[in-house]
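Participant: Got a predicted structure plus its sequence, pasted below:
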2 protein chains.
Amino acid sequence: MKAIIISIGDELLKGHRVNTNAPFIARELGNIGIPVTRIITCSDDPQAIRDSVTLALTEAEAVFVTGGLGPTNDDRTRDAVRALLGRGLALDEPSFERIADYFRRRNRPVTEVMKDQAMVIEGSIAIPNTKGTAPGMIIECAPRFAGRHLVLMPGVPAEMEAMMRLTVVPFFAPLSGAFIRHTPVMTMGIGETQLADMIVEVEDSLPSGTTLAYLPHAAGVSLMVSTSGARREDVDAENRRVVEAIVAKAGRFVYATSEVTLEEVVVNLLLERKLTVAVAESCTGGLLGSRLTDVPGSSGCFLEGLVTYSNQAKVRLLGVDPATIEAHGAVSEPVAKEMARGCLERSGADISVSTTGIAGPGGGTPEKPVGTVCVGIASKLPDGAVRVEAARFVMHGDRHQNKIRFSEAALRGLLVRLKEMEF
Amino acid sequence: MKAIIISIGDELLKGHRVNTNAPFIARELGNIGIPVTRIITCSDDPQAIRDSVTLALTEAEAVFVTGGLGPTNDDRTRDAVRALLGRGLALDEPSFERIADYFRRRNRPVTEVMKDQAMVIEGSIAIPNTKGTAPGMIIECAPRFAGRHLVLMPGVPAEMEAMMRLTVVPFFAPLSGAFIRHTPVMTMGIGETQLADMIVEVEDSLPSGTTLAYLPHAAGVSLMVSTSGARREDVDAENRRVVEAIVAKAGRFVYATSEVTLEEVVVNLLLERKLTVAVAESCTGGLLGSRLTDVPGSSGCFLEGLVTYSNQAKVRLLGVDPATIEAHGAVSEPVAKEMARGCLERSGADISVSTTGIAGPGGGTPEKPVGTVCVGIASKLPDGAVRVEAARFVMHGDRHQNKIRFSEAALRGLLVRLKEMEF
């Protein structure tokens, strides 16, 4: 079974919105062994919708449409598809009850107009909308497109995602007849070319059902190992063999073989070891603290963050010696070390990390170009002493990318030190 | 002239990467009056590329392809298009020189293989690649597709973006024959339905060449007013009239009518007035400081940020009275006020803002559900006294969305106070 995704919406064609629905659907279908062969984005004009749906139903057994379902004027998908298939509408009672209930609870009158939102195309299976009003539809498209399925869902991501997970994936999983296993290999501190060189032997001898994709992101690159086949056990085993071969070659740059962020790995390790952390940021401006506190449960290990943007703040809040700043400049390893040490001692945390750098676009010098960052790490030793180190990196992004890469370098520093710490 | 965009890449079809190239191209084309009628994402299989390009050249006068140009194995666009058009390859000398120079500067040998990257399809205009190696191509597709243009660009966003701006847009602008004006109306603190109610009269009487799109984002909704027509002056005037009509109705929720973020407006206002700011964050974990310091030049107004996640940090770093926390809880307006006041006084800033709330998923109570945030604002009065206020909001997102909305509420508070401040 192959699938085509159709994303409907003028705002997508104008580039005012990035299409995140299609990749979500593609990933969900991939997990149940249904490959997507094409993604089509078209206007919410009825003719364009009919053309795209016709084309897709001609080429693929399953077509997934998002957008243009709902109460506003530019939502025309249902009527366009109804006309194409030559069918009428029927009331979906459960959806009408849900919509009526929604308005009743808000003390707003239930009108006949609302019934329209609960109407589905005749002969379709209504997909309950647990996050909004209009239901989705799974339509078996005989006679014109016999054996083909058309799925209509709203364009609001939360509504579509709930429909996919609760109804659409369970419906299609038994029809797929294939299994796909994707395993991400998350790396840190290594570029695409360097990583490719390191795993060239693995890549050159990939088994036939397995592919390897490089997924560069702002702070580095990750790999996705995808294996497909007819038997789940074979697919899983083959996929695992390739992942293990990659880890054997590039293991020291791999921080996870599942879809987790570096901050999740760091926070979970801290929580597991019952350690506390504090951060002292200059150039990252709070991003490092924000990333750590993005992780649910981080309040169990994150004590505090100090965003010491000005030199005075570095001195007053972290106890950095003005003479150190004078001698080496604010962006320097000695200042990064004093920041980390001051942060550790004043907060009482077990481990601390500091950043001081030049995110750009201004502020660079030949000696310390834009993109320079010094990261300091301080931790308590078993004997009560403090171990402090700093390292310097140069990144090559714009201000926003540099902030992300700086925070990534700091998280990497934390992770490496945490792995070295013995308790 | 109408355009179709083709995005090539298996990683897009698998949902492992979000397609940001297509919206970029669509916006750039929109600015020169070329509407995009369809976006097609297809596999990097040669047959799929040929099928998609053929379909697109049949339907649109200009087709923009990204992906599959470059040295690696899965880059097959050039050969697929060459086969489709029945043309040979020719060396683009300037590109070869650039590539050879790149390797020479890195002390790597210049081989014959590198020449392949500098080969373009016969009869095409080479697009210089200022950010990478392989050149792009603008191809006039006669005889089979007479009068139609095909543009091939790499999938690496930085390379494609530079090509669009330096070569492709200047090439197509004179061919378009239409003008489009997009004006964003950026709002804060108002939901989609409420905003729609407020501007219903404007929306019901839009002139025929103008459309209005709602662009919801994590922290609210913005509008995009798009006008197209044959004469630039008419288009600009009509667009301006609609924007002004919206501002007349919803002005107190509008913070800008250009593509700027709330943090840019706040930072630029601070710089303009020569005021300094400091932030005290609990639930936003550093995100507020990070957003303010995302703005280039923010070091001219941003003094420091204190991420006081724990109660002890609130007491020690901001001087919050433990009795206030005891009496009202850490998430309360009195604590938000003491945080803002302490931050202002200790940092010496002219204005400060604080956040304390429950981002979730845990930590909610019936009285203070997940999504609750208290925002405090403190500022110096001309007589040297300090004005401190706090407000409470409840957001309805997940942890990540709540952090964004909390930081948005804090920025909004800053902006409102800054506008009230007289100096």
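Facilitator: Here it is on my side, so go on. Residues are numbered from 1 along each chain as shown, chains lettered A, B, ... in the order given.

Participant: Could you list everything A:Ser228 pairs with in the sheet?
Facilitator: Residues in a beta bridge with A:Ser228, per DSSP bridges, are A:Ile180.

Participant: give me the low-pLDDT residue ranges for the stretch 201-350 of chain A?
Facilitator: Scanning the stretch 201-350 of chain A for pLDDT under 70 picks out no residues.

Participant: for chain B, what are the nearby residues on it?
Facilitator: A:211, A:213, A:215, A:224, A:226, A:279, A:281, A:284-294, A:296-299, A:302-310, A:312-313, A:317, A:347 (Cβ under 8 Å from any Cβ of the partner chain). Where C-beta positions appear, they are placed from N, C-alpha and C, glycine not excepted.

Participant: doesn't A:Ile4 fall inside a strand?
Facilitator: Yes: according to DSSP: H, G, I helix; E, B strand; the rest coil, the state of A:Ile4 is that of a strand.

Participant: Tell me what it is bridged to.
Facilitator: A:Arg38, A:Val63.

Participant: Correct me if wrong: it contacts A:Ile34.
Facilitator: No: look at A:Ile4 against A:Ile34 with Cβ atoms under 8 Å: they stay out of range, at 10.7 Å.

Participant: Next, show the common contact partners of these two.
Facilitator: By the contact definition Cβ atoms under 8 Å, 6 or more residues apart in numbering or on different chains, A:Ile4 and A:Ile34 are jointly contacted by A:Ala62.

Participant: Just the buried ones out of the residues of the stretch 201-350 of chain A next to chain B, please.
Facilitator: Neighbour counting with 16 or more other Cβ atoms under 10 Å in any protein chain shown marks A:211, A:213, A:215, A:224, A:226, A:279, A:281, A:284-294, A:296, A:298-299, A:302-310, A:313, A:317, A:347 as buried within those.

Participant: mind listing which of the residues you listed are in helices?
Facilitator: A:287-293, A:313, A:317, A:347 (DSSP state H).

Participant: which of these lies closest to A:Glu61?
Facilitator: Closest to A:Glu61 out of those is A:Arg291 (41.9 Å), distances taken as Cβ to Cβ.

Participant: and the lengthiest helix in chain A, which residues are buried?
Facilitator: As assigned by DSSP H, the longest helix anywhere in chain A is helix A:399-420. Neighbour-count burial for helix A:399-420 flags A:399, A:401-418 (criterion: 16+ other Cβ under 10 Å).

Participant: export that helix as PDB, just CAs?
Facilitator: Provided in PDB are the C-alpha atoms of helix A:399-420 (Å, rounded to 0.1, in the frame of the first residue of the first chain):
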ATOM      1  CA  ARG A 399      23.200  34.900  15.700                       C
ATOM      2  CA  HIS A 400      20.400  32.500  16.200                       C
ATOM      3  CA  GLN A 401      22.200  29.400  15.000                       C
ATOM      4  CA  ASN A 402      25.300  30.400  17.100                       C
ATOM      5  CA  LYS A 403      23.200  30.600  20.200                       C
ATOM      6  CA  ILE A 404      21.800  27.100  19.600                       C
ATOM      7  CA  ARG A 405      25.300  25.700  18.900                       C
ATOM      8  CA  PHE A 406      26.700  27.500  22.000                       C
ATOM      9  CA  SER A 407      24.000  25.900  24.200                       C
ATOM     10  CA  GLU A 408      24.600  22.600  22.500                       C
ATOM     11  CA  ALA A 409      28.300  22.800  23.300                       C
ATOM     12  CA  ALA A 410      27.400  23.600  26.900                       C
ATOM     13  CA  LEU A 411      25.100  20.600  27.200                       C
ATOM     14  CA  ARG A 412      27.700  18.400  25.600                       C
ATOM     15  CA  GLY A 413      30.200  19.600  28.200                       C
ATOM     16  CA  LEU A 414      27.700  18.800  31.000                       C
ATOM     17  CA  LEU A 415      27.100  15.300  29.600                       C
ATOM     18  CA  VAL A 416      30.700  14.500  29.200                       C
ATOM     19  CA  ARG A 417      31.500  15.600  32.700                       C
ATOM     20  CA  LEU A 418      28.500  13.800  34.200                       C
ATOM     21  CA  LYS A 419      29.700  10.600  32.600                       C
ATOM     22  CA  GLU A 420      33.100  11.100  34.100                       C
END
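
Participant: what is the rounded mean pLDDT of that helix?
Facilitator: Averaging pLDDT along helix A:399-420 yields 94.

Participant: Check stretch A:104-122 too.
Facilitator: For stretch A:104-122, the mean per-residue pLDDT is 82.

Participant: and A:Leu306, what does it touch?
Facilitator: So A:Leu306 contacts A:278-281, A:313, A:317-318, A:343, B:304-307, B:317 (Cβ under 8 Å, 6+ apart).

Participant: same question but for A:His182, I mixed them up
Facilitator: Counted by Cβ under 8 Å, 6+ apart, A:His182 has contacts A:27, A:30-31, A:224-226, B:14, B:16.

Participant: between those residues, which is closest to A:Phe145?
Facilitator: Within these, proximity to A:Phe145 (Cβ to Cβ) peaks at A:Gly30, which comes in at 23.4 Å.

Participant: From A:Ser228, how far off is the closest residue to A:Ala173 other than its chain neighbours?
Facilitator: Nearest non-adjacent residue to A:Ala173, counting by Cβ to Cβ, 6 or more residues apart in numbering or on different chains: A:Ile32, 4.4 Å away. Relative to A:Ser228, A:Ile32 is positioned 11 Å away (Cβ to Cβ, to the nearest Å).

Participant: what is in contact with the two at once?
Facilitator: Both A:Ile32 and A:Ser228 are contacted by A:Ile180, under the criterion Cβ under 8 Å, 6+ apart.

Participant: The closest residue in space to A:Asn31 that isn't next to it in sequence and A:Ala173, how far apart?
Facilitator: The shortest distance from A:Asn31 to any non-neighbouring residue, by Cβ to Cβ, 6+ apart, is to A:Ile180 (6.7 Å). As for A:Ile180, its distance to A:Ala173 is 12 Å (criterion: Cβ to Cβ).
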